[in-house]
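> predicted structure and sequence below. I'll ask about it afterward.
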Amino acid sequence: MRAICFYGMTKRREAEANWYATPFEDRKRMMYEHGTSGRAFRGRVLQLVTGSTGIDDWEWGVTLFAGDPADLKEVVHTLRFDEASARFGEFGPFFTGMVAEVEDVLTEVAGCP
């Protein structure tokens, strides 16, 4: 899984859309929907969610790995339409790239054999 994407994420706390003021049963339903959507990418996308350290701007860091960068685009696009993300998700900048051996990267960048 050479394609990688990382972004920070927080649940919204605005007056009309406050995740933490939403009843637990509603939040549970929305997260179940979100998880169901994500599981459709099983085997194509690996997700690693890390909790905040409390000294940054985001509650979670989300790292996604895939064999094909198009799979990263598809999973992010799909999950953005789930109610939990569409109504309550706030996202930081997205960082994307490819994982490779140092020698391979240097060869690619330098154009050397």
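All right, it came through fine. Numbering: from 1, shown residues only.
> low pLDDT regions in this protein?
Scanning the chain for pLDDT under 70 picks out 112-113.
> quick one: the helices in it, in order.
24-39, 69-80, 83-88, 102-110 (DSSP state H).
> which one, of those, ends up nearest to residue 58?
helix 83-88 (13.8 Å; CB to CB). Quick note: C-beta positions are derived from backbone N, CA and C, even for glycine.
> distance from the chain centre to the closest one, please.
14 Å (CA atoms, centre = their mean, to the nearest Å).
> output the contacting helices and strands for it.
If you count contacts as 3 or more CB pairs under 8 Å, 6 or more residues apart in numbering; DSSP states H and E, helix 83-88 packs onto helix 24-39.
> send me the helix it packs on as PDB with only the CA atoms.
The C-alpha trace of helix 24-39 is given here as PDB (Å, rounded to 0.1, in the frame of the first residue of the first chain):
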ATOM      1  CA  PHE A  24     -25.800   9.700  22.100                       C
ATOM      2  CA  GLU A  25     -28.200   7.400  20.200                       C
ATOM      3  CA  ASP A  26     -28.100   9.800  17.200                       C
ATOM      4  CA  ARG A  27     -24.300   9.900  17.300                       C
ATOM      5  CA  LYS A  28     -24.200   6.100  17.500                       C
ATOM      6  CA  ARG A  29     -26.400   5.700  14.500                       C
ATOM      7  CA  MET A  30     -24.300   8.200  12.400                       C
ATOM      8  CA  MET A  31     -21.000   6.500  13.400                       C
ATOM      9  CA  TYR A  32     -22.500   3.100  12.500                       C
ATOM     10  CA  GLU A  33     -23.400   4.500   9.000                       C
ATOM     11  CA  HIS A  34     -19.900   6.000   8.700                       C
ATOM     12  CA  GLY A  35     -18.200   2.700   9.700                       C
ATOM     13  CA  THR A  36     -20.400   0.700   7.200                       C
ATOM     14  CA  SER A  37     -19.400   3.100   4.400                       C
ATOM     15  CA  GLY A  38     -15.700   2.700   5.400                       C
ATOM     16  CA  ARG A  39     -15.900  -1.100   5.500                       C
END
